[in-house]
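Undergrad: Fold the stuff below for me.
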Amino acid sequence: MKRVLVVEDNRLERKIILHMLEAAFGSLLRTDEVADGSQALKYLEKQEYDLVITDLIMPNTEGLELIRVINKKYPHSEIIAISGSNPYYLYLAKKLGISGFFTKPLDKDLFLDSINNLLHLGVPRVAQV
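TA: Numbers count the residues shown, from 1 in each chain. As a prediction, the model looks like this:
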């Protein structure tokens with residue numbers, strides 16, 4: 001079972017992502033959720049994650065700083081950045097070495113296919129979800 005941490009300050013967006021993951025991958029993933037980068041760092045200290053999906057603009061520790069810390073302290077974790085704001089933030093995140101990036105609203109098919117491929121889940125064409 002792969003572990004995924006969803007870091008998103010917008011509760012509705014976070015729940016949508018969690019629902020998509022559950023519907024597409026079911027018991028193949030174990031997910032945790034937090035509302036900002038500071039909470040994410042606390043979770044990362046206690047648990048290893050195969051994938052961190054993080055928003056970039058958040059209160060407290062924002063996404064770019066979270067990505068820097070993950071790359072330094074938890075290099076085994078894949079990172080997908082998401083943002084609904086200025087594309088420049090996604091450009092900066094990409095320069096930091098993330099595994100993928102998406103703009104909001106998420107393209108569900110591409111998003112799920114990317115996760116399927118990153119985590120080697122082998123779920124056939126998850127896009128029907």
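Undergrad: quick one, what contacts the residue positioned nearest the centre of the chain?
TA: The residue lying closest to the centre of the chain (C-alpha atoms, centre = their mean) is residue 53, at 0.7 Å. By C-beta atoms under 8 Å, 6 or more residues apart in numbering, the contact set of residue 53 is 4-8, 17, 79-80, 82. For the C-beta atoms, the positions are set from N, CA and C on the backbone; glycine is no exception.
Undergrad: make it 7 Å
TA: Residue 53 makes contact with 4, 6-7, 17, 80, 82 under the criterion C-beta atoms under 7 Å, 6 or more residues apart in numbering.
Undergrad: among those, who's most crowded?
TA: residue 7 (30 neighbours; other C-beta atoms under 10 Å).
Undergrad: Correct me if wrong: that residue contacts residue 37.
TA: Yes - using C-beta atoms under 7 Å, residue 7 makes contact with residue 37 at a distance of 6.4 Å.
Undergrad: what residues are shared contacts of these two?
TA: In terms of C-beta under 7 Å, 6+ apart, residue 7 and residue 37 are both contacted by the residues residue 66.
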